[in-house]
Each structure stands twice: as C-alpha cells, then as structure tokens.
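In: Have a look; sequence and predicted model below, questions after that.
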Amino acid sequence: MNLRYLYYLRLVVDHGSFAAAARVAGVSQPAISHGLRVLQREFDTPLFTPSGRNKSPTETALRASLQAHGIEQGLAALSRPQAPSADRNILRVGMTAAGLRLYGPTIDATWRQASARRQLQVSTADEGRMLASLQGGGLDLVIAPLPRTYQPSGVNRYPLYLSAPVVCARRGHPLGSARSLDELQGAPWAIVGPSVSGPVNVLLEAHAVRRLPPPRVTVTCPDHAALLHMVGHSDLLCVITHDALLDGVLKPIRIRETLPRYEVHLFAPARPRRDLQPVLAALKALASIATPSDNPANFPEFQ
C-alpha cells in the first residue's frame, strides 16, 4: 500500500475536498484523484460515497485516515533525535485546551508544593504530536484524547474524563435555534487543527454517519483562543469539546444529533520519575471516569 496515497486520503478527509487536499500537498487535483483510485483497489468497500455534487468519506475512509496519521506520527518519532536530559525542576506537560482548563492549576500547585524552584512548562498541540514527543522524551506527561489507532510503547495511560462535544456559535447567530445538522448545511465552520481526533474529525464523522455532505470548513485557527475570538465575532460555527472552554463567549446550539465522544487520558512513561507521583495521584483523584475500560494495567502506583 502506497503511503503517499494514504497521506492524500488523510488530507481529503481532514480538509473536505480533493481540491483542498491538492493545495495542502502541493500537487495537482488529478494527482490526488489518481492516488485515491489506486488506493481504492486495496479496499473491499468504497472510500467515498456520492453526496450531491460532493463525495463523503465512508467509515472505512475515516478509519484509514486515522491509521495514516498514526503511521506519519510513528515515522516522525523514529526520525526525531532523543531529547537531552531535562532540568529536574521543570515539569513538561502537553495538554489540550480543555485539559489545561480542567487540570492545569492542580498540576501547577501539586508540582510546586515541594519546592519554590520548580517550574511548569505547558505546551499544546494535536494529540499525535504530543504523544510522539512523550515517547521521544520531550514531555513528561500528556493529557489528550486517546487516538483510535494509538499503539503505546513504553507509555501507560489512565482515563480522566469523557468529552461531550457541542456545536457552538456567537450569541444572536441566525442559526442559533437550529435543531439538527441538516439545518446547518452550507454554514461556514472554524476549526483548530487539523487534528487526528479533534473537532474537525468529530464533525466529519457526525456528517459521514448521517450521509450528509462534509461541513464547509473556511477558517483554521492555531489554538482555541483564536477559535473563540473568530466565532464570537462572526457567523462561523465551531465544535467545542468541553463546557470549560466556552467562557460565556459562545452559546451551544442544541441539535438532536449526538456528536462522537471520546475518552481523554493521562499518559505517562511506563516508569515515571519518582517526583511525578504526587502529580499523578492528584490527577487520578480528579478523574471522572472511575474505572479504565480497556487498560487493566493502569499505572502501578494507582492500584
């Protein structure tokens, strides 16, 4: 199976069209079409289904796209040089925007309790890049969604909470009273990303399952602060993954359809530094998912 064609598939799924994928990849649209025709021969079921003048990715395409992202992240991790030894007074944590709101203050207070010299360094990125950095030694902990294709190596995880994505818009938005995804067809959307399991894929999956045309993504933001600003001052729509991110700026649109949910986990090295134990224990105490569903080992210190 040609990895470049898998990359083309991921771009089409992430960006919503063959033309957009071609622009991102720096190739012609016929090259994207040719690659996906060749790739289709590797599958027993269709990758796309007609949806008006567009094509919607099938469940098979969505799964293949996520697999492609996992392969890309794995190759990137292999080529990344080993991180140098870090200052033991610095805790490096990768978190999603919602994870930072929910757990950032607790991590900071717990970490600095033992010494005033300690510092917390927080970074945000998509879960694939953060987990690759964790495995490469660039981060000490990660709080992020569990990628569906993630194969942990030297990493343990513990579930913290279940996301509940919701469609949002500015107050007074003309579509604020909509009650279904069908009523939102054609509206412009803003996203943070692209990300392997972030808002854009939640949107795509929700539309694909209901055989609706892909959402019209017109703005890609670098972070959630930019997303809130853009949506709060325009007619853009977005998906917010947790109520903690709303800040009173946006108003949820209560559609009938439930958007795909996912578990957010705490990831740590299989043998974490001893000075991380109080932080791990504090985060476990805040977890809203009491028992891991598919990770019987957990962290040894948590049993």
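Out: On my side now, so go ahead.
In: Can you spell out which helices and strands pack onto the helix or strand residue 32 falls within?
Out: Assigned by DSSP states H and E, residue 32 falls within helix 29-40. Where contact means 3 or more C-beta pairs under 8 Å, 6 or more residues apart in numbering; DSSP states H and E, helix 29-40 is packed against helix 3-15, helix 18-25. Glycine gets a C-beta too; all of them are placed from N, C-alpha and C.
In: what about these, which gets the closest to residue 118?
Out: helix 3-15 (38.2 Å; C-beta to C-beta).
In: So for the closest one, what gets flagged as buried?
Out: 5-15 (16 or more other C-beta atoms under 10 Å).
In: next one: stretch 143-160
Out: Buried residues in stretch 143-160, counting neighbours by 16+ other C-beta under 10 Å, are found at 143-147, 149-150, 155-160.
In: Would you indicate which residues of stretch 110-119 are buried?
Out: 110-111, 118.
In: Pull the distance from it to the chain's centre.
Out: When distances are taken as C-alpha atoms, centre = their mean, to the nearest Å, stretch 110-119 is centred 30 Å away from the chain's centroid.
In: Show me the contact partners of it.
Out: The contact list for stretch 110-119 (C-beta atoms under 8 Å, 6 or more residues apart in numbering) reads 89-91, 120, 275, 278-279, 282.
In: For ChimeraX, write the selection for the buried entries among the residues you listed.
Out: A single ChimeraX command selects the buried members of the contacts of stretch 110-119 (16+ other C-beta under 10 Å):
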select :91,120,279,282
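In: so which of the contacts of stretch 110-119 comes closest to residue 238?
Out: With C-beta to C-beta as the yardstick, the closest approach to residue 238 among the contacts of stretch 110-119 comes from residue 120, at 28.3 Å.
In: Reformat the contacts of stretch 110-119 as CSV; add secondary structure.
Out: Below are the contacts of stretch 110-119 laid out as CSV (DSSP: H, G, I helix; E, B strand; the rest coil):
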residue, secondary structure
89, coil
90, strand
91, strand
120, strand
275, helix
278, helix
279, helix
282, helix
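In: which of the contacts of stretch 110-119 lies closest to residue 39?
Out: Distances from residue 39 to these, taken by C-beta to C-beta, are shortest for residue 91, at 42.5 Å.
In: Report the separation between the closest one and residue 163.
Out: The gap separating residue 91 from residue 163 is 24 Å, by C-beta to C-beta, to the nearest Å.
In: No further queries at this time; thank you.
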